[in-house]
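Undergrad: mind folding the following:
(2 chains)
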Amino acid sequence: MPEGDRGYRVGVDIGGTFTDIVVLDEKSGDLSLYKTPSTPRDFWFGVEAGIRKVSDSMDRVSMIVHGTTVGLNAFLMRRGEKAGLITTRGFRDIYDIGRHNRESMYDLRYRKPEPLVPREHRLEVTERLDARGNVVTPLDEDEVRACVRKFKAEGVRSIAVCLIHSYANAAHEDRIGEILAEEYPEATVSLSHDVAREWREYERTSTVAINAYIRPIVDRYLSNMETQLERQGYMHRLFICQSSGGVSSVEVTKLSPVSTLMSGPAGGAVGTAQVSGLEKIPRAIGFDMGGTSTDVCVSIDGNVLIRTEYKIERHPLLVPMVDVQSIGAGGGSIAWVDSVGALNVGPQSAGAEPGPVCYDKGGTEVTTTDANLVLGRLNPDYFLGGEMAVRPDLSAKRLDEKVAGPLKLDRTAAAAGILRVVNTKMAYAVRAVTVERGLSPREFALVAFGGAGPMHACDVAAELEIPTVLVPVAPGQFSALGMLYSDIRHDFAWTFLTKTREVDRATLDERFDSLAKRAGEVLEQEDVPREKRRFVRSADMRYVGQEWSVNVPFGEEAGDTDWQANLESRFHELHKRNYGHSAPEEPTEIVNLRLTAVGLVVNPRLRELARGGAGPEAQALKGTRKVYFPSLGWNERTPIYERERLLAGNKLAGPAVVEEPGSTTVVPPGWTATVSAYGNMLIRKNG
Amino acid sequence: MKRVDPVTLEVLRHGFIAAANEMRINLMRTSYNPIIYEVLDFSVGVFDARGNMIAQAAGLPIFLGNLGAAIKTVIADVGLAEIKPGDVYMINDTYTTGSHVNDVTVISPVYADGELVGFTASRAHWLDIGGKSPGGSHDCTDIFQEGLRLRSVRLYEEGKVNRSILQIIKDNVRWPEAHMGDLRAQIAAARTGEQRFLELVERFGRETVLEAVAEMLRQGEESVRQAIARMPDGTYLAEGYLDNDGVGTEPLYIKATVTISGDEMTVDLTGSSEQTLGPLNCGLAASVSGCRVALKCATDPLSPVNEGNFAPLKLIVPSNSMFNVKPPGPAFLYGISLIVLIDVVLKALAPALGDAVPAAHYGDMAGFMIYGVDPATGRQFIQQEPEGGGWGAFPDRDGENVMIFIADGDTRNIPAEVIESKFPLRLERYSLREDSGGPGKFRGGLGHYRDYRLLADEGFMTCIMDRSYCRPWGMSGGKEGAHDLVVVNPGTAGEKTVMKYTGYRLKKGDVCSVRTGGGGGYGDPLERDPEMVRMDVIRELVTLESARRHYGVVLDPDTSAIDWQATAELRRRGGAG
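TA: Numbering: from 1, shown residues only, chains lettered A, B, ... in the order given. Sure, this is the predicted structure:
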C-alpha cells in the first residue's frame, strides 16, 4: 500500500502495438512518458524494456499498476483453456440458447455468440433450489464425481459451475467446489456465485464460463510477471486494472480474471473523472478517439458512470465496468463513395496495417487521417514525434481518385467533407450516449484524448453546443496516466428480491454486513489500512413488475426509522432522471444489493507548470503552416505551437494548432485555448 | 431541381437517422409497458409531407416501412388543409394500417414557417385495447371482438388535448393508467422527432432539407434497383401452408409468384387463401411490410432504410385475399401469417439469389401462456411469451439453434430465475430438442424443450402452435425440420399433445412441455461429412438411429466410432430411411 511520497509510481498499459509506460515521481510530481513496441510473444519483454528506462534498480518504485489485455486477447482470439461446465439438470443448453434474440434483424446469416464450452463438455447434475434458495432436490454427489471422471478423461482442466438460483443459496455450488477440490485438485474451479452473485442464468453462465476459459492463461501471465518484477528488485504489490476503473491485487485478479476484460478503456475513463475534478468541471464526457474507434464515457462530480452488465462480442458479462460506448469511427475510418453516389465514412477501418494511404504501407483507401493531412491539420514531419515518415502526396492522389472525382468536388472540399461527415457521426453518437442516460450534452465539457481526439474535439463539441473542450496532459498516453489515479476497488452483488416495504432493515443490514465482511477480508489481504477503507452500499430497485432496475445509493444511517421512505424517494428521483417519469404512489422492490469496497490510494499531484503571460513565449511557436478551416478557407499563416513549451496562463486564439509527440490539437477560429496550472488546455468557445 | 451538395446531404441523412433514433430512445425510456421496452414491439420514424419515410428506427422487423400507410390514411381522412401545427392523431385501423388493433400509431405534423414539411410517427403495441379477452385472443371472428377502433382521431387540436377522446380510451382499455403512460411516451417521442426535424430545417433551410430528402429517397431507390437488377429476370414461385385459422380446421394456403423484371420486383399473392373467419388475416399494409422485409433480407440487410428502397417493389393482392382483409374481418394473429409469407417469398427468390437464402426456419410464433391465481399473493398471474426455434441451414453451414422467428428480431426470452421468482411455476428443462433439425448436408438448427411445472392449485394454458401440416422445409435435397407442439404431462398415462388451445385447464404438478420446431436442412443428408454426423451424435444433437436412417452413417453405440464400411454400404443403398 503506497504512502504517496516515497518514490516512483508506474503505470504500464500494454496495447496491441505499443506499450505505454507512465512514471510519476511522487515527490516532485514530475511525469515521464515512454512508448515501446509491445512484444506479443511474451509481453513481459516489452514491459521490462519500458521499466528499464525509468530506473536501473526497482527499489525506488513504490507502486506498479498494470493494465493487461492477456485475458481479453485469449478470449478474442479464442485461445483460452479447454473448459467444462456443470449445470443444474435440464439447463446445460442455456449457454447455447442464450436469450434467443437476433441483434441483426434482417440478416439471414446472423449467428448467436458461440459458447466457449462445447455441448459435450457441458454436464448436468441432479439438484434443484427454488427462487428463495430452499432445496427442492438435494445435490446428487455421485453425479458430480461422474463429471470429474468425464472431465479427466477428456483433459478438461478448468471447470465452471453454474446452478439455477445459486445467487440465493450457494450451498450446492460450494459443495461441488469441495468435491472437485478433493477429486481433481489439479483443475481450477470457478463457481458462478463467486464471480457474479446475480440472477439470470444465461448471463451468469456466460460470465463464469469466460472466467474459466481465460483463467489459467491470466494466472500464468501474472505469476510470471510477479516473479520477474521480484527478480528486478520490486518489493511491493503489483496492482491490476479492472474493468470497473479500480485496481486489484494479483491474488484477487487470478480468481476472477473476467473482471479485467474491459480494463482497456477504464484508464481513460478514470483519467477523465480525475482531470475534470482537478479543473473544477463537474460534468465531463470522455472522448477517446483512436485509430479504429472512439470511446465515449460520462463523468459526473468526479465519478465515472459504471454499468453492472455489458457484452463483449455479444457475450454477456455480469461484472461492473466503466460505462463506455464505442463508436465505429476513428483516424483510420475509410471514406468511400457508394454505387448511388453517396459519401460514406466508415465503419470499415484501415487499422494500423496497412493503415492510411499516407503511411505508404500499401493502403489504398482514403481515411480520416489522410483528410486531416491534406488539410494541413496534421504535420507530415511530426508523426509519432517525427519518428514516422508519411506521404501527403499519396493521400492527395487517392483522395482525388476515390472521393473528389466521383463526387465532382475539388480536393479541399472532399477532404473537408470527410471530416464534416465523421464529426457529424461522432456528435450524434455522443448525443445518443447522453440522452440514453437522461442527460443533456450541453451541460458537459468534452475531455478529448487518444491520438485523434484533440484534433476533432472542437468541431464535435460545436455540433453538440458544448462550450468547453479539455485536452489533458499526455492525451496520447492518457489511459496509462489514468491508471495511476485508480483506487483499489472490489464490487460485490447479491440478488435478493423483496418488496421494499416488506423487508426489515436488520435483514438487509445482515446481508450488507456479510458482503462487507468478505470485502474487508480482501482488503486486509491487500494490506489496505482500516482508515483507507470505504464501503459503499447501494440497491438495484424498480417498480414492482418492471423489468429494468435503477441503482440507488443505500443510506448508512443506522436506526433511521424512515429508511424505506428515504430509499424510495431517492429511487423515484433517479427513475425520473433516467426514464423521464416516476410513480411515487407505486410499490417498489429491491432486486440486488451491491457493495463497493474501496481502498483509497493517495492521489499523486502533478507538478504545476511555470506561470507565463497571456501570450505564449516566442520559443513555443514552432512556425506557421497553411491549414484549412471551413469557416475561413485556407489560412496561410496558422501558428503552430509546441505543447511542451507552453506555460500556465498562456492563451492561444484560434486558428491555431498545438503539436506534441502523441497527439495534435486543433483550435478552430472562434475558440481560445488557455493553459491551466497543471498544463491541461481548456479550449472555450469565444463570446 | 437544384442538387444538394454531397456533404450536406450526408450531414442531413445522419441528422434524420439520429432523429428517429432519439425518438426510439425516448419511447423506450419513458414507456411503462415491458412489451415496448423489453419486447421492442414498436416502431418510430420521420416522414416527408406526403407520408414517405425519411428514416425509421424499428423495434421489430415486421414494422419495416409500415408507418407511412397510417400517415397517408390520416392525410386522406382529414385533408391536408385541416392538419394544423400542434395536432396529434391516433390510428389503429387494421384495414388501412395493416396490423392488429393493439398497434396504436401516434402521428404529429411538422410545420416550419407555417408550412407543412413532414410528419413524425410512433407505433407501439398496447398490452390491451379492450376486446373480449385480456391482451387479445386467438379465436375472434370479427374486429369488434378484438377491441377499440381508432381511425384518424384528433387527440390534440393545435396543441390542446381533447379530454373526451382520452376518456373514451381510458374507459375502454384494461389497465388504463399504464396505457395513458405509454400514450404520453408516444406523444413525447413524436415531439422529440419534431424538434430534431425543425432544428435541421433551421440550420440548413427548408429548401435544402427538402432537396436532401428527395435525393435520399432517390438514392435509396437506386441502390435497391441495382440489387434487383443483379438478379436474373424471371418468374419464381413458392408456396406454404398454415395449419388453420384458429377457428376452423382447414389449412390456409399461401402462394407467392415473384417476378423479377429488370430492376423491379413484383410479388403476386393471387391464389392464396381467401379471407378467413379466424384472426390469421393480414391488412394490406402489413402484407406490404412482409414483402419489404423479404426484399430487405434479400438485398441489403444492414443499411438504414427509407421509402425509396421500396419503390421498385410492387404487390398484387386480390381484394378477397387473407392478405387484404376487409371489414369486419379479424386480424389479431396476423403476425403468424406474415412470418410464413416472408419465408415463402424468400423461398421463391432462392433461385434468383444463388446461395443467399437458407432453408426455412421454424416459422411460427409458438405463442404460449399459463395463467391462474398465485397462491402466495391471491392475485392473477400470467406468464406469456413467444418461444424460439431452429433456423434453416445454408449451403455452407448448419442452421442456428433456438432463435426467435424472423418477424420478432431482437426480442428476448424470460430467464427461468425470473419466471420462478414471479410466478408459481418451475421451469424444469430448457434444452435443445434432439433430432428436431432437418437433416441435410448441412443440418437445420434445433428447437427446444421448455418444460413448465405448475405449482399453484389450478391454472390455464393457452397455446398457438402451427406448421404441423407444412413443416419447415429443406432446400436442395435437405429435409424438413420438426414442428412446434405442446405435450401436457409427457411420459405419463395422461400425456396429451396440444396445438392450438385457449384456456386448457391444469392442476397442481402438471407439466407443459413446449417443444419447438427445427430449421430445414440444406443439401442431401447422405452427403454430410460422416465426421460431422459423429460429432452430432456425441453432442446428442442427433440420435444414433437418426444418424443411420437419415444420414446413412453407422456408428458404434459405445465408442461412437464410425463404421466406414457399413456407412459406405448404407449410403450406396440411399440410406436406411
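
Undergrad: point out where the stretch 251-400 of chain B drops to low pLDDT.
TA: Applying pLDDT under 70 to the stretch 251-400 of chain B picks out no residues at all.

Undergrad: so where do the strands sit in it?
TA: Listed in chain order, the strands of the stretch 251-400 of chain B (DSSP state E, counting those that start in this stretch) span residues B:252-261, B:264-268, B:313-316, B:367-373, B:380-386.

Undergrad: so which of the ones you listed is nearest A:Gly331?
TA: strand B:313-316 (39.8 Å; CB to CB). Where you see a C-beta, it was placed from the backbone N, CA and C, and this is true even at glycine.

Undergrad: for that closest one, what is the distance to the chain centroid?
TA: 20 Å (CA atoms, centre = their mean, to the nearest Å).

Undergrad: helix/strand/coil for A:Tyr213?
TA: With DSSP: H, G, I helix; E, B strand; the rest coil as the basis, A:Tyr213 sits in helix.

Undergrad: next one: the one 10 residues further on
TA: Counting by three-state DSSP, the backbone at A:Ser223 sits in helix.

Undergrad: gap between it and A:Leu229?
TA: Spatial separation of A:Ser223 from A:Leu229 under the definition CB to CB, to the nearest Å is 11 Å.

Undergrad: the two: which has the busier surroundings?
TA: Between A:Ser223 and A:Leu229, counted using other CB atoms under 10 Å in any protein chain shown, A:Leu229 has the larger neighbour count: 21 against 12.

Undergrad: where does that one land in three-state SS?
TA: For A:Leu229, the reduced secondary structure class is helix; criterion used: three-state DSSP.

Undergrad: hey, what's the closest residue to B:Val305 other than its chain neighbours bridged with?
TA: Leaving aside its sequence neighbours, B:Val305 sits nearest to B:Gln56 (CB to CB, 6 or more residues apart in numbering or on different chains; 5.9 Å). Beta-bridge partners recorded for B:Gln56 (DSSP bridges): B:Gly45.

Undergrad: B:Gln56: how many residues sit nearby?
TA: Using other CB under 10 Å, the number of residues around B:Gln56 comes to 27.

Undergrad: who's in contact with it?
TA: B:Gln56 makes contact with B:Ala20, B:Ser43, B:Val44, B:Gly45, B:Val46, B:Leu64, B:Gly65, B:Leu67, B:Pro304, B:Val305, B:Asn306, according to CB atoms under 8 Å, 6 or more residues apart in numbering or on different chains.

Undergrad: including neighbour count, could the residues you listed go into TSV?
TA: Compiled in TSV, the contacts of B:Gln56 are given as follows (neighbours: other CB atoms under 10 Å in any protein chain shown):
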residue	neighbour count
B:Ala20	27
B:Ser43	30
B:Val44	33
B:Gly45	30
B:Val46	30
B:Leu64	28
B:Gly65	25
B:Leu67	28
B:Pro304	17
B:Val305	23
B:Asn306	28
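
Undergrad: so which strand or helix has the residue nearest the centre of chain B?
TA: A centroid search over chain B (CA atoms, centre = their mean) returns B:Ala407, at 1.9 Å, as the residue closest to the centre. With the criterion set as DSSP states H and E, no secondary-structure element contains B:Ala407; it sits in neither a helix nor a strand.

Undergrad: how near is it to B:His125?
TA: In this structure, B:Ala407 and B:His125 are separated by 12 Å, where distance is defined by CB to CB.

Undergrad: one step back: which of the contacts of B:Gln56 fall in helices?
TA: For the contacts of B:Gln56, membership in helices holds for B:Ala20, with DSSP state H as the criterion.

Undergrad: dump the contacts of B:Gln56 into a markdown table; add distance to A:Phe449 as well.
TA: Output for the contacts of B:Gln56, formatted as a markdown table (distance: CB to CB, whole Å):
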| residue | distance to A:Phe449 |
| --- | --- |
| B:Ala20 | 31 |
| B:Ser43 | 38 |
| B:Val44 | 35 |
| B:Gly45 | 37 |
| B:Val46 | 34 |
| B:Leu64 | 40 |
| B:Gly65 | 41 |
| B:Leu67 | 41 |
| B:Pro304 | 30 |
| B:Val305 | 36 |
| B:Asn306 | 36 |
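
Undergrad: and B:Met180, how many residues sit next to it?
TA: Neighbour count of B:Met180, defined by other CB under 10 Å: 15.

Undergrad: what's the separation between it and B:Ser31?
TA: Distance of B:Met180 to B:Ser31, given as CB to CB: 12 Å.

Undergrad: for residue 460, give me its contacts.
TA: Picking chain A for this. Listed by CB under 8 Å, 6+ apart, the contact set of A:Val460 reads A:Phe287, A:Asn423, A:Met426, A:Ala427, A:Val430, A:Leu446, A:Ile466.

Undergrad: wrong one, I was asking about chain B
TA: B:Ile370, B:Tyr371, B:Gly372, B:Gly503, B:Tyr504, B:Arg505, B:Leu506.

Undergrad: which one of these sits closest to chain A?
TA: Using CB to the nearest CB, B:Tyr371 is the member of the contacts of B:Phe460 that sits closest to chain A, with 14.9 Å.

Undergrad: and that closest one, what are its bridge partners?
TA: In this structure, B:Tyr371 bridges to B:Ile382, B:Phe460 when assessed by DSSP bridges.

Undergrad: pretty sure it contacts B:Phe423?
TA: No. Counting by CB atoms under 8 Å, B:Tyr371 does not reach B:Phe423; the two are 9.2 Å apart.

Undergrad: what touches both of those two?
TA: Where contact means CB under 8 Å, 6+ apart, the residues bridging B:Tyr371 and B:Phe423 through contact with each are B:Phe381, B:Gln383.

Undergrad: neighbour-wise, which of these two wins?
TA: Comparing B:Tyr371 with B:Phe423 by neighbour count (other CB under 10 Å), the higher total belongs to B:Phe423, at 23 against 20.

Undergrad: phi, psi of the more buried one?
TA: Comment: the main-chain dihedrals of B:Phe423 come out as phi -130, psi 160, following degrees, to the nearest 10.
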